[in-house]
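K.L.:
attaching a predicted model along with its sequence, questions to come.
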Amino acid sequence: MVNNMTDLTAQEPAWQTRDHLDDPVIGELRNRFGPDAFTVQATRTGVPVVWIKREQLLEVGDFLKKLPKPYVMLFDLHGMDERLR
């Protein structure tokens, strides 16, 4: 059984692409905001990458901060204007 994220990433080769749909935080986000509120990106980083709408940024951040096992640090934040793509 995997006890934490460190155990999970240590057991899997780094080169494998994962979508992290089975990650507990993805389940928490889906339960709170619904399955269509965000997009999960498959990556090789070992951590979930979630795309959310600008309008939900503060609400999602506040939710993650108030979980029973809260996120106390925002690891990475990017903003892109892809309207012309």
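P.N.:
Perfect, I can see it now. The shown structure was predicted, so the numbers you read here are calculated from the model rather than taken from an experiment. Numbers count the residues shown, from 1 in each chain.

K.L.:
for the chain, what spans make up the strands?
P.N.:
For the chain, the strands defined by DSSP state E cover 38-41, 49-52.

K.L.:
so what touches the first one?
P.N.:
Which is strand 38-41. With contact meaning CB atoms under 8 Å, 6 or more residues apart in numbering, strand 38-41 is reached by 19-21, 26, 29, 48-53, 56, 60. In short, each C-beta sits where N, CA and C put it, glycine included.

K.L.:
could you give me the PyMOL syntax to select whichever of these are buried?
P.N.:
Selection of the buried residues among the contacts of strand 38-41 in PyMOL, burial being defined by 16 or more other CB atoms under 10 Å:
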select buried, resi 20+26+29+48+50+60
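
K.L.:
okay if I get the contacts of strand 38-41 as TSV plus pLDDT?
P.N.:
Shown next, in TSV, are those (pLDDT from 0 to 100):
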residue	pLDDT
Asp19	84
His20	84
Leu21	88
Ile26	90
Leu29	93
Pro48	85
Val49	87
Val50	89
Trp51	90
Ile52	90
Lys53	87
Gln56	91
Val60	92
